Every structure is written in C-alpha cells, then in structure tokens.
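J.: this one's sequence-less:
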C-alpha cells in the first residue's frame, strides 16, 4: 500500500504540474502577486469566489522580481500583480503580458516603529541618529528604491544595520524588536497594527509606488484572468484595497 | 582488478549523477562569458566572497571546537538520555534555515533570552554583525560535523582506547593521542561537509544577521539580491562561489585526505 502511494507520488512528480488545463481546473485562476499584496489579495480572492460560485483563485505570493523571473521562465499562471512598474516591465518585455498592464493601486512608505514608539521617532531625521538601528529594504527590491527616494526627498542620510530582502522581512525585524525602525509600506504597517505603529512622513509622497496588474499570455484560464483583473480594478476590489491602506490610482 | 558494474546499479547511478550535474551545466550554459571579466571586477563581489570564506572557515572552527567533544559525548560516554540528545542534534538539519534564524533571534537577539544579557553585560550584540553570520552558519552546519564524527567514533575500535587506558593513560591523553588520530579522516570529512554547508548558508544568515555589504552580506545573499534585478549578475556570482569552493575542496582533498 505504502509502496503504491510512493510510486504514485513519484509518477506525479515526474509528470510535473503540466496538466493545468485539465477540465477540473477550468474555474481556477492562478495569480502571482507581490508579497505586499498578501493580506489584501487574499481578501480580494475570497470576495471574487463569493461573487462567482464555482470559481477558485489560487495565489502565489513572493518578491515581485522573483515572480517576474518565474513568469519569464514559463511558469503557468493567469495573472501577475507586481509592486513596481519596473518588475512588470520584465514580464511585458518578454511578451507575456496579454495586454498593457494597468495600475490598480498605489502605496506609500511609512516609518514602522515598535508599538508605543519607545524611541520617539517622529521624523526621518531621527533615523539618522547614531544609536538608532534601522532596517531598510535592499536597493534591488522596490521598497528599497522607494526608501532611497523618500529619504533623499526628506534630505536625510540613513545608514541601516541591514538591507532586507523584502518589505515583510524588514517589518519582521521591527516586530522582533531587533531594530528601532524600518521603512515599510503603509499597508504592511497596517496589517501588523497590533505590534507596530506607523509614522507618516512628508518625503514619502515623493516615492509613491505604483502596483500594475496584467493578464498573462498562455494563461491556462484566459477568461478567468480577464475577469479577475476586472474585479481588482472594479469597485469591490478597489474598496478592499482602500481598506488595506492602498491609495487609488 | 575491477569487476563489471551490475546494470541495476549503473543505471540509477548515472541518473543520479546526471541529476546532480545537469543544473550545474545549466549555470555554465547561461554564464555571460563575454561580459564576464567586467562583471568579475564589480565592486562588492570581492567583499562578499572574502566574507563568505572568512565566516565559513570561522564557523567550521567553532563547529570543530564544540562539535568533536559533543560527538565524543554522544558516542562514548554513559550520558543518560543520549538517544534524545542525538535526535536533538539533528534539529538544525530538519529545521528550515529561516526558522533557525528566527529561533536564533529569539535567543541571541536584542530581546532574546541570552542576547539581552549579552548586551547588558558585555555590550555585545550579535544580530547584524559578522559574528552573527558565524553563529548562524555554525548553527546550521554543526550537525553535519557531529554526525560524521560520531559515525567515525562508533566505527573506531574502542579496544585501542582501552589498551591505552590499561597502560596508564588518562582519559584526556587517550582522547588526544589515540581517539583523535583514529577518527582523523572522519573529522576531516565532517569538517569539509560543515564548511561547505556554512559557505552555502542563506536563510538563517539573512534572518539572523541581516544583509549589509561588507559586514553580513555573504555570497549566497549577494546572489539572491542580484537575482532581484539581474539574472546574469546572479549567475556570475554563483559561478564564482562554485569555482572557488570546489577549488578549495579539491586542494584540501589532495593535501590532507590523500587522493581517493
């Protein structure tokens, strides 16, 4: 019995996941989305499924650039939602966008500090203090380049103790109390409101991040892809995104 | 005189070799040879490589200093609960490295059980420091050394040690003059495994020590971040790490283990 199960598993492994076009999957929409969309898109997916009985949305959340790389390498997916136009461009340049991408939300940076703001950080200038430990995103990821722009706009030079691989990792360092502050998106700070406070600052308006979405060519479910993109951009989707702290495009 | 390899072994063996080597071939094929020289001189790469080699070596030394005695304890002593300890030693092997990194933060972090005391007493803070990288790598790599050395100890004939003891040697002398030379190859093999694992360490390092060029950004971290922007740069970095580590292992093998 066990041997047979093992064999079945091996056959499945060998066959890969190449049967995404199977009849049972006709109602499944596969969405690859930036990790900063994790909470809002999960909620959005639930609303979409309630709206269309029988439909199912499957998400894969991760760093935008990594997802873009997967799509360019031929990952079977229907929709891609990125945290920056630059990462979206790698996908559309590779000819995998079924049309021009549309910006569906905007996000802005805030200073995330531990609950109660023990170090009394109210301005970006406070981040430059000698004994203030700050986590920023690495320059290679969207939140890192946004942080560089925002800090430059605020006229502050900050030396972080770490350049994190994505915005959730930077936020985790605040939650764990390892750093005194981190620059994260407003939506990330809001999703962790029980553990962190968000400090808004003026310069962040200069580094607003656009979130583009596109239906993909070679989508296993092109109709579902178009319907999901329309839902994200429609009133119900926009309301969910606004509740999560995103700005409308 | 070599006997013919039975087909039942040869076929899966060749498949296994292909499985391990093909991804490497993939890297080689995609390497941007024309722009390689200029990419190799990009700033930051040497710093990451130097840091990787330094921290992996230091982590291996830490593992040797703590791991060999631990293996001896597990293999030779009458310690009660040895089975449990043996199982616990393998925890870092099954733990996803990122979880290991979080666990290290909870213990050695600023608010951690030990970290808070370290900070208050000595002003030492491990996260975001090069020492933190060594700690993360040692945590993940030590089981490889302990398991290899313990295996060697169990395979070694304890009668040599008993003979030395009956001739009046103390336990420490026996360990140093008899046991260690007996298990030398096992220790060396374990140290090589340990070093290789430390060199490739990613998850625990980036979680516990963070990522800062020149201080905590090792080659695997540099590769991961390069991948965010530029596949070619990531491939070049991977190739450099691969070539350097294979070269070092080959030299060590010839020097100390004798040609196999």
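T.: Great, that's in hand. Source: prediction; values computed, not measured. Residues are numbered from 1 along each chain as shown, chains lettered A, B, ... in the order given.
J.: low-scoring stretches of the chain, by residue?
T.: Looking at chain A here, since you left the chain open. A:1-25 (pLDDT under 70).
J.: looking at chain B here, not the other one
T.: Along chain B, segments meeting pLDDT under 70 span B:1-3, B:256-260.
J.: how about the residues of it near chain A?
T.: B:102, B:105-106, B:109-111, B:127-128, B:206-207, B:209-213, B:216-217, B:221, B:224-229, B:231 (C-beta under 8 Å from any C-beta of the partner chain). Where C-beta positions appear, they are placed from N, C-alpha and C, glycine not excepted.
J.: can you rerun that using 6 Å?
T.: Neighbours of chain A within chain B, by C-beta under 6 Å from any C-beta of the partner chain: B:105, B:109, B:110, B:111, B:127, B:128, B:210, B:211, B:212, B:225, B:228, B:229.
J.: Now do the contacts for residue A:54.
T.: residue A:27 (C-beta atoms under 6 Å, 6 or more residues apart in numbering or on different chains).
J.: Now do the phi/psi pair for it.
T.: phi 100, psi -20 (degrees, to the nearest 10).
J.: what do you get for residue A:90?
T.: Dihedral angles of residue A:90 (phi, psi; degrees, to the nearest 10) stand at phi -60, psi -30.
J.: Return the residues in contact with it.
T.: Counted by C-beta under 6 Å, 6+ apart, residue A:90 has contacts residue A:68.
J.: of all of chain A, which residue lies closest to chain B?
T.: residue A:162 (2.7 Å; C-beta to the nearest C-beta).
J.: now that residue, which residues is it bridged with?
T.: residue A:135 (DSSP bridges).
J.: What residues sit buried inside stretch B:39-48?
T.: B:39, B:45, B:48 (16 or more other C-beta atoms under 10 Å in any protein chain shown).
J.: Which segments of chain A make up each domain?
T.: A:25-106+A:210-243, A:109-207 (automatic domain parsing).
J.: closest one to residue B:194 among these?
T.: Of all the domains of chain A, it is domain A:109-207 that lies closest to residue B:194, at 25.2 Å by C-beta to C-beta.
J.: quick one, what contacts residue A:68?
T.: A:87, A:90, A:91.
J.: Without its sequence neighbours, what residue ends up closest to the first one?
T.: Closest residue in space to residue A:87, ignoring its immediate chain neighbours: residue A:64 at 4.1 Å, by C-beta to C-beta, 6 or more residues apart in numbering or on different chains.
J.: before we move on, the earlier item: neighbour-wise, which one of the residues of chain B next to chain A leads?
T.: residue B:210 (30 neighbours; other C-beta atoms under 10 Å in any protein chain shown).
J.: Can you classify that one by secondary structure?
T.: coil (DSSP: H, G, I helix; E, B strand; the rest coil).
J.: Grab the nearest non-local neighbour of it.
T.: Among residues not flanking residue B:210 along the chain, residue A:162 sits closest, at 2.7 Å (C-beta to C-beta, 6+ apart).
J.: now what about stretch A:107-116, what contacts it?
T.: In contact with stretch A:107-116 (C-beta under 6 Å, 6+ apart) are residues A:121, A:146, A:150, A:171, A:174, A:181-187, A:189, A:195-200, A:204, A:208-209, A:246.
J.: For chain A, what lies in contact range of chain B?
T.: Going by C-beta under 6 Å from any C-beta, the residues of chain A near chain B are A:65, A:138, A:140, A:141, A:161, A:162, A:163, A:176, A:177, A:178.
J.: Could you rerun that using 7 Å?
T.: Within chain A, the positions near chain B by C-beta under 7 Å from any C-beta of the partner chain are A:63, A:65-66, A:69, A:138, A:140-141, A:161-165, A:176-178.
J.: Can you tell me which of the residues of chain B next to chain A is closest to residue B:29?
T.: Taking the residues of chain B next to chain A together and measuring to residue B:29 by C-beta to C-beta, the closest member is residue B:229, at 21.1 Å.
J.: what about that closest one, helix or strand, and which?
T.: Element membership of residue B:229 [criterion: DSSP states H and E] is none; it lies in no helix or strand.
J.: Now do the buried residues in the helix or strand where residue B:132 lies.
T.: Secondary structure from DSSP H and E places residue B:132 in helix B:130-155. Of all the residues in helix B:130-155, those buried under the rule 16+ other C-beta under 10 Å are B:130-153.
J.: and if you look at stretch B:224-238?
T.: B:224-231, B:233-238.
J.: Kindly check the end-to-end length of that stretch for me.
T.: Using C-alpha to C-alpha, to the nearest Å, the end-to-end distance of stretch B:224-238 comes out at 10 Å.
J.: so how far is it off the chain centroid?
T.: Mean-position distance between stretch B:224-238 and its chain equals 23 Å (C-alpha atoms, centre = their mean, to the nearest Å).
J.: and the residue of the stretch 101-250 of chain B nearest chain A?
T.: residue B:210 (2.7 Å).
J.: Okay, strands next: where are they in chain A?
T.: Taking DSSP state E as the test, the strands found in chain A are A:28-34, A:56-62, A:79-81, A:102-107, A:109-114, A:134-137, A:162-164, A:181-185, A:196-199, A:209-215.
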